[in-house]
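[1] Okay, predicted coordinates and the sequence, questions at the end:
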There are 2 protein chains.
Amino acid sequence: MLPGVGVFGTGSTARVLVPLLQAEGFEVHALWGRSEEEACCLAKELGIPFHTSRSDDVLLHQDVDLVCIYIPPPMTRQIAVKALGIGKNVVSEKAATAVDSFKMVTAARYYPQLLSIMGNTLRFLPAFIAMRRLLEEGYVGEVQVCDVRVYGPSLLDQSYDWTCEELMGGGGLHTVGSAIIDLLSHLIGARAHRVHGLLRTFVQQNRSIHGIRRVTSDDFCFFQMLMGGTGSVSGTGSGGVCCTVTLNFNMPGSFLHEVMVVGSMGRLVARGTELYGQRNGCNDEELLLGDSGWVGPEVQEMPSPHIRGLGSMVTALRHSFQAHEERRSWARGPVAVAPTFEDGLYVQTVVEAVKRSSRSGEWECVEIMTQEPDPNQNLCEALQRNKN
Amino acid sequence: MLPGVGVFGTGSTARVLVPLLQAEGFEVHALWGRSEEEACCLAKELGIPFHTSRSDDVLLHQDVDLVCIYIPPPMTRQIAVKALGIGKNVVSEKAATAVDSFKMVTAARYYPQLLSIMGNTLRFLPAFIAMRRLLEEGYVGEVQVCDVRVYGPSLLDQSYDWTCEELMGGGGLHTVGSAIIDLLSHLIGARAHRVHGLLRTFVQQNRSIHGIRRVTSDDFCFFQMLMGGTGSVSGTGSGGVCCTVTLNFNMPGSFLHEVMVVGSMGRLVARGTELYGQRNGCNDEELLLGDSGWVGPEVQEMPSPHIRGLGSMVTALRHSFQAHEERRSWARGPVAVAPTFEDGLYVQTVVEAVKRSSRSGEWECVEIMTQEPDPNQNLCEALQRNKN
């Protein structure tokens, strides 16, 4: 039986998500927005019976069994942890920091019977499901290089908010790069152990952000990840996969979203939502999975693979919950592919290592947190960083 | 009046160059090959009256006023310097090391009345001439990012030779990357001051290279250059241009050759030999320069922009020499755009800095040599490097 849903957020993702949920038969009972007006306005638009700006009113709502959290990253952890604490299933966007992600992991470990998955949704896209299967079947042979490019228009909101602020989780790396980091580890079945990156903010002020305000979040980011293998940076033939990711959000127009995996025997390329392949020895690329005619919404501010992946995730959620009679019960199978909160912590750790590398200019190790850091030490590091 | 030409080399570039020279009206009088057989065979094929395996026989040939050097990099410096020393004009491929390049610069400075240009030929390609003009005219506004990708089949020769050996100037970075490094500095009008790179040799042995032999030259290379601006790696808003270059020669099939420049007001992309542009605010890319129907040779082992650029360079050489009556005199105008030996030294310095960065894992400074290093110190460094 499908659970009642409470949605946190009034941004573009929430605006796409609600119709997708409704189309799959989920009832969205409650909507939370930062202000009463925002919540009221969107609830009316999307036909949601209850809206509020107080988070507890959604979390404690008796008809809400599944909580979807698509709010500014700094607020995510608090809502996600609380939702699990009162026994609700959770689909959540990423948090702002690794410490927050770690707290979400701790909560998820404490309530293993509850659904707790990350809302990074590229894994569910049919093109990437097919790509992963073909990689496992050896289409490209031994994987050597992954090369990802996402180009598109500015990710900044109309007015000054968290999207402008690096420390609040704004920027191309955190917003789009994190979905790519998750996707690549999922496709290849390995995690990054060392990363190198360069972040830039080419546009620091624009028509709506000016005066004393400046954008600090990156609009250009470029990073490399070494995955698997022996771990040496300079080693030739150490095995392992080199991933290069280029994100550029100074390119108005439609998004370009390309994920390429090159191996010893061929290559696979996902362009947008389509999958192409070429085996060594063949002269031409073959279309392996076409665009199957998407009927859901299109949003200018999001690359189409993200929107369609979101749609596929919602379908998977339906299958997962439909398998059981009880409203809060769910089957693992249909959502087995989804990133867990542990995956979310890994992704956040890589994001922070790339940012560290951009400051230091050096390769940085990816070391997943195993215990919560002393808050005082945290403060010291923050002070230290501000000095640099 | 057109000078008589002597060509060094029997590889794929020489094989393309000779017919191009002949088509423009140059008489190729002499051909040098490493072995008598190689030279004889190609001379017969291309209708060259004289062939030899002794370099002096070409250099001192009385009908030869222009020497074109397309031979393995370790031999280039010696021939180029000697040719200038006996008063011949020189078009030369890159040398193997910065020290060699510096010696070529010294010779070129000593004989300023002689033509001495590098055979990296992307600058002459009409698409890049148009791109440079549009950049100067402000088509893209302030340049922010350059993104270059060259993908293609293996660069290794059929049998074991210099192309397999990093120290002899083999590998994607040295062979193809150097042309890109030269092109970007020419397009943007600035030089790299810091670089970061990663080189890999994914295929160390193949059907023809096996046993105790291993390929040491890179088949995958990935580097970033910071150009212009204040020079800080981590600085946001320091001005300057970030260039990223991805070279992958593990992708059999036809070459992909894409050079993109992104600025504050738009972007320009050269795909192969065609130029496209998109200004911010326009929904679609426009074709700015189409493929004008190339009638010259096509070579599988070379990306088409390189071949066509070579053709355009030969045409420029004709214009340059036709301007004067005397066989050895030439006009600067038509070849003003060509890379000088000084540019060659810059490119070689960047190549070596990228290699250093791949070993150290750190950003490396690009410092152009201003005097020839003490040969003993050189030895020390080589020993030092071997220890690492």
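    That came through fine.

[2] so what's the nearest residue to A:Pro153 once chain neighbours are set aside up against?
    Counting by C-beta to C-beta, 6 or more residues apart in numbering or on different chains, A:Pro252 is the residue found nearest to A:Pro153 once chain neighbours are left out, at 4.4 Å. All C-beta spots, glycine's among them, are computed from the backbone N, C-alpha and C. Neighbouring residues of A:Pro252 by C-beta atoms under 8 Å, 6 or more residues apart in numbering or on different chains: A:Pro153, A:Ser154, B:Asn280, B:Gly281.

[3] now for those residues, which pair is the farthest apart?
    Pairwise distances across those (C-beta to C-beta) peak at 12.9 Å, for the pair A:Ser154 and B:Gly281.

[4] okay, these two: which has more neighbours?
    More neighbours surround A:Ser154 than the other of A:Ser154 and B:Gly281, with 16 against 9 (other C-beta atoms under 10 Å in any protein chain shown).

[5] Can you classify A:His174 by secondary structure?
    When classified by DSSP: H, G, I helix; E, B strand; the rest coil, A:His174 comes out as helix.

[6] And for it, the neighbour number?
    Neighbours of A:His174 under the rule other C-beta under 10 Å: 26.

[7] residue contacts, it?
    By C-beta under 8 Å, 6+ apart, the contact set of A:His174 is A:Pro73, A:Lys94, A:Ala96, A:Glu166, A:Ser217, A:Val351.

[8] With A:Ile129 instead?
    Residues counted as contacts of A:Ile129 (C-beta under 8 Å, 6+ apart) are A:Arg123, A:Val337.

[9] ok so, going back, rebuild the contacts of A:His174 as TSV, extending it with distance to B:Cys221, neighbour count and secondary structure.
    Formatted as TSV, those follow (distance: C-beta to C-beta, whole Å; neighbours: other C-beta atoms under 10 Å in any protein chain shown; DSSP: H, G, I helix; E, B strand; the rest coil):
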residue	distance to B:Cys221	neighbour count	secondary structure
A:Pro73	35	24	helix
A:Lys94	32	28	coil
A:Ala96	35	22	coil
A:Glu166	30	19	helix
A:Ser217	30	25	coil
A:Val351	26	26	helix
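
[10] so how far is A:Met168 from A:Pro73?
    To A:Met168, A:Pro73 is 6 Å away according to C-beta to C-beta, to the nearest Å.

[11] which residues do these two both contact?
    Common neighbours of A:Pro73 and A:Met168 (criterion: C-beta under 8 Å, 6+ apart): A:Ala96, A:Trp162.

[12] all strands of the stretch 201-350 of chain A, in order?
    Here the stretch 201-350 of chain A has its strands, by DSSP state E, counting those that start in this stretch, at A:220-227, A:241-248, A:256-263, A:266-271, A:274-279, A:286-289.

[13] Spell out which parts of the stretch 201-350 of chain A neighbour chain B.
    Contacts of the stretch 201-350 of chain A with chain B, taken as C-beta under 8 Å from any C-beta of the partner chain, map to A:201-204, A:216, A:220, A:222, A:224, A:233-234, A:236-237, A:242, A:244, A:246, A:248, A:250-254, A:262, A:264, A:267, A:278, A:280-284.

[14] Kindly recompute the last result at 7 Å.
    Counting by C-beta under 7 Å from any C-beta of the partner chain, the positions of the stretch 201-350 of chain A adjacent to chain B are A:201-202, A:204, A:220, A:222, A:224, A:233-234, A:236-237, A:242, A:244, A:246, A:248, A:250-253, A:262, A:267, A:278, A:280-281, A:283.

[15] Drop anything exposed from these.
    A:201-202, A:220, A:222, A:224, A:233, A:236-237, A:242, A:244, A:246, A:248, A:250-253, A:262, A:267, A:278, A:280 (16 or more other C-beta atoms under 10 Å in any protein chain shown).

[16] ranking the strands of the stretch 201-350 of chain A by burial, who's on top?
    Counting by mean count of other C-beta atoms under 10 Å in any protein chain shown, strand A:220-227 has the highest mean neighbour count of the strands of the stretch 201-350 of chain A, with a mean of 25.

[17] Can you tell me the strand partners of that strand and which way each runs?
    Here strand A:220-227 is paired, per DSSP bridges, with strand A:192-200 (antiparallel), strand A:241-248 (antiparallel).

[18] ok now do the residue most central in space within chain A, which residues does it touch?
    Centroid-nearest residue in chain A, with C-alpha atoms, centre = their mean: A:Asn120, separated by 3.2 Å. By C-beta atoms under 7 Å, 6 or more residues apart in numbering or on different chains, the contact list for A:Asn120 reads A:Lys94, A:Ser178, A:Ala179, A:Asp182, A:Pro339.

[19] For the fourth one, I want the exact helix or strand it lies within.
    In this case it means A:Asp182. Using DSSP states H and E, the element containing A:Asp182 is helix A:178-188.

[20] What ranges does the stretch 1-150 of chain A have for its strands?
    Under DSSP E, counting those that start in this stretch, the stretch 1-150 of chain A gives strands at A:4-8, A:27-32, A:50-52, A:66-69, A:89-92, A:116-118, A:143-151.

[21] Specify the residue positioned farthest from the middle of chain A.
    Farthest-out residue of chain A from its mean C-alpha position, per C-alpha atoms, centre = their mean: A:Gly281, at 36.0 Å.

[22] so who does that residue touch?
    By C-beta under 7 Å, 6+ apart, the contact set of A:Gly281 is B:Pro252.

[23] leaving aside the residues next to it on the chain, what's closest to A:Arg214?
    Spatially, and ignoring its direct neighbours in sequence, A:Arg214 is nearest to A:Gln204 (4.8 Å; C-beta to C-beta, 6+ apart).

[24] That neighbour and B:Ser264: what is the separation?
    Taking C-beta to C-beta as the measure, A:Gln204 falls 12 Å from B:Ser264.

[25] In chain A, where is pLDDT below threshold?
    A:229-239, A:293-297, A:377-382, A:386-388 (pLDDT under 70).

[26] Show me the domain layout of it.
    The record's domain parsing of chain A by automatic domain parsing lists A:5-114, A:123-289.

[27] Could you dump those domains into a markdown table and include distance to B:Val81?
    Shown next, in a markdown table, are the domains of chain A (distance: least, C-beta to C-beta, whole Å):
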| stretch | distance to B:Val81 |
| --- | --- |
| domain A:5-114 | 57 |
| domain A:123-289 | 33 |
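
[28] which residues touch the helix holding A:Asp182?
    A:94, A:120, A:122-123, A:128, A:131-132, A:135, A:143, A:146, A:148, A:191, A:227, A:241, A:243, A:245, A:259, A:261, A:306, A:339, A:343, A:346-347, A:350-351.

[29] Pull that helix out as CSV, backbone CA atoms only.
    C-alpha atoms of helix A:178-188 as CSV (Å, rounded to 0.1, in the frame of the first residue of the first chain):
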residue,chain,number,x,y,z
SER,A,178,27.9,15.2,-6.2
ALA,A,179,25.3,13.3,-8.4
ILE,A,180,28.2,12.5,-10.8
ILE,A,181,30.5,11.3,-8.0
ASP,A,182,27.7,9.0,-6.8
LEU,A,183,27.0,7.8,-10.3
LEU,A,184,30.6,7.0,-11.2
SER,A,185,31.2,4.9,-8.1
HIS,A,186,28.0,3.1,-8.8
LEU,A,187,28.8,2.4,-12.5
ILE,A,188,32.4,1.3,-11.8
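
[30] mind listing what's buried in it?
    Of the residues in helix A:178-188, those buried (16+ other C-beta under 10 Å) are A:Ser178, A:Ala179, A:Ile180, A:Ile181, A:Asp182, A:Leu183, A:Leu184, A:Ser185, A:His186, A:Leu187, A:Ile188.
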